[in-house]
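> can you look at this prediction? I've put the sequence above it.
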Amino acid sequence: MKYVVCVPDGASDEPVDALGGRTPLEAAAMPVLSELAARGQVGRAATIPKGHPPGSDVGNLSILGYDPARYHTGRAPIEAAALGIELRADQVAYRCNLSTVDDDTMVDFAGGHPSTEDAARVIAALDAELGRPGEVEFHPGVQYRHILVVPEDWIDAECTPPHDLTGQRVVWPTGAAAPKLRELMDASRAVVPRFGLAANQIWLWGQGRRPTLPSFRDTYGLEAELVSAVDLVRGLGALTGIKAVDVPGITGWYDTNYEGKRDACLQSLRDGADLFLVHVEASDEAGHAGDVGAKVEALENWDRRILGPLVEGLDDIGRWRMLLLPDHPTPLRIRTHTDDPVPYLLVDSTLDGPGGRYTERGVAGAPVEPGHTLMGRLTNSA
């Protein structure tokens, strides 16, 4: 038996006027997903437990089968793990966005989506001019997503995720560590603009200490691998012993290499992996941008460029089971995450389920299940 987990990040949404009152999942042409839902089982899952921030860190932790109420310590230390940063017990990691803030308004939380190479030069300059070795350290990540490592006494701060502030007046950090954070953020405005990017400063948020997670193999008895362009997802792999497969051309943006992710999944399963997770960020980015057409297109790309050929390839390998769900909704109307339940799909290649429609309205009457329990159901280890 082979297992596949598909994560169209932020795919779930609300009815959209521009789509005639349909959600993107309802409007997108997704015949393969519809066929899978018709012979599988659909339902609703709470990937974000009540009281937790509706972030991809919490949602993807749930999808991997780990209860966020027990294991979540913050977003940044997960991303730090993806970069090979070994946090000491006396250190805290912050997520460090390259962002565009004008007149105290968050114009673009992603700073124009700079290339990873261009961003790395900015981070190197920030580390040289504002960092202090062993105390305040900037580490380059992917595109606009980077990491700041600081002493543990910097943890006491309330920081608003920048994607929650798009087009709004910014909410600066509060708490005991806020003056230190604000000093760095203000100082970055003398460094970042020198590089000709849309970004003009850093935004610090998502802080936490390194979490301790049991290995996926010890928990579920399976060798697992994953593909994602997002350090957060790769970091969860590093912390749980799930190998992250490198695929050329994956970007975390609309132009990502869908086919490469699909082919990596099939090759890993052929080579002996028991379970493979495919994560695509595009639908989440479209939600943050409020781009209706891009979100619909991202979902159609899932169906045409991943799911169709993936199912054919899985059938050639043997018996398989699939779990498909987003980590959280990212409604186009508000351009940020919510903690509302998301639709999920479980399908077995040889066993027919009750069938249904994989849309928000299609599962509206289903009971809400804890998101972290679905991995056990997928792998028959509940």
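Cool, got the structure.

> which stretch of helix or strand covers residue 99?
strand 91-102 (DSSP states H and E).

> what lines up beside that strand in the sheet?
Take DSSP bridges as the rule and strand 91-102 pairs in its sheet with strand 105-108 (antiparallel), strand 145-151 (antiparallel), strand 201-208 (antiparallel).

> hmm, who's touching the first one?
Contact with strand 105-108 is made by 99-101, 162, 165-170, 198-199, 203, as judged by C-beta atoms under 8 Å, 6 or more residues apart in numbering. (Each C-beta comes from the backbone N, C-alpha and C, glycine too.)

> got the CA coordinates for that strand in CSV?
What follows is strand 105-108, C-alpha atoms only, in CSV (Å, rounded to 0.1, in the frame of the first residue of the first chain):
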residue,chain,number,x,y,z
THR,A,105,0.4,50.8,5.8
MET,A,106,1.3,47.2,4.9
VAL,A,107,1.4,47.5,1.1
ASP,A,108,2.9,44.1,0.4
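
> packing partners for the helix or strand just after it?
Downstream of strand 105-108, the next assigned helix or strand under DSSP H and E is helix 116-130. On a contact count with 3 or more C-beta pairs under 8 Å, 6 or more residues apart in numbering; DSSP states H and E, helix 116-130 meets strand 91-102, strand 137-142.

> pLDDT weak spots in the chain?
Applying pLDDT under 70 to the chain flags residues 381-382.

> if we can go back for a sec, nearest to residue 272, out of the strands paired with strand 91-102?
Between residue 272 and those, the tightest spacing by C-beta to C-beta is seen for strand 145-151, at 31.3 Å.

> name the residues of that closest one that come out as buried.
For strand 145-151, the neighbour count (16 or more other C-beta atoms under 10 Å) marks 145, 146, 147, 148, 149, 150 as buried.

> the helix or strand following it packs against which elements?
Using DSSP H and E, the helix or strand that follows strand 145-151 towards the C-terminus is helix 178-187. If you count contacts as 3+ C-beta pairs under 8 Å, 6+ apart, helix 178-187 packs onto strand 201-208.

> residues of the strand it packs on that come out buried?
Counting neighbours by 16+ other C-beta under 10 Å, one finds that the buried residues in strand 201-208 are 201, 202, 203, 204, 205, 206, 207, 208.

> and residue 122, how far is that from residue 13?
Using C-beta to C-beta, to the nearest Å, we find residue 122 at a distance of 33 Å from residue 13.

> neighbour count for those two, which is higher?
When neighbours are counted by other C-beta atoms under 10 Å, residue 122 and residue 13 differ, and residue 13 comes out ahead with 31 against 26.

> wait, is that one part of a helix?
No. With DSSP: H, G, I helix; E, B strand; the rest coil as the criterion, residue 13 is coil rather than part of a helix.

> report the contact partners of it.
By C-beta under 8 Å, 6+ apart, the residues touching residue 13 are 23, 24, 25, 287, 295, 329, 330, 331, 332, 360.

> cool, and residue 64?
By C-beta under 8 Å, 6+ apart, the contact list for residue 64 reads 216, 236, 240, 242, 277, 375.

> closest one to residue 253 out of the buried residues of strand 145-151, please.
Looking across the buried residues of strand 145-151 and measuring by C-beta to C-beta, the closest to residue 253 is residue 145, at 11.6 Å.

> so which of the helices and strands packed on helix 116-130 is the most surrounded?
Ranked by mean neighbour count, the helices and strands packed on helix 116-130 are led by strand 91-102 with a mean of 25 (mean count of other C-beta atoms under 10 Å).

> figure out how far that one is from the centre of its chain.
17 Å (C-alpha atoms, centre = their mean, to the nearest Å).

> also stretch 304-321?
With C-alpha atoms, centre = their mean, you get 23 Å for stretch 304-321.

> list the buried residues in it.
Neighbour count says stretch 304-321 has 305, 306, 307, 308, 309, 310, 311, 313, 314, 320, 321 buried, by 16+ other C-beta under 10 Å.

> output the contacts of strand 105-108 as TSV; include the columns distance to residue 177.
Shown next, in TSV, are these (distance: C-beta to C-beta, whole Å):
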residue	distance to residue 177
99	19
100	24
101	20
162	18
165	19
166	25
167	27
168	23
169	22
170	17
198	28
199	23
203	15
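
> contacting residues around stretch 252-272?
2, 4, 113, 142-143, 145, 223, 225, 227-230, 245, 247-251, 276, 278, 280-282, 285-286, 294, 297-298, 301-302, 305-306, 309-310, 313-314, 317.

> of the residues you listed, buried ones?
Applying 16+ other C-beta under 10 Å to the contacts of stretch 252-272, the neighbour count classes 2, 4, 113, 142-143, 145, 223, 225, 227-230, 245, 247, 250-251, 276, 278, 280-282, 285-286, 294, 297-298, 301-302, 305-306, 309-310, 313-314 as buried.

> restricted to helices, list those residues.
With helices defined by DSSP state H, the entries of these inside them are 282, 285, 286, 294, 297, 298, 301, 309, 310, 313, 314.

> care to break the chain down by domain?
Taking automatic domain parsing as the domain assignment, the ranges for the chain are 2-72+214-378, 80-208.

> how far does the shortest one stretch from start to finish?
For domain 80-208, the separation between the terminal residues is 10 Å (C-alpha to C-alpha, to the nearest Å).

> alright, calling it a day.
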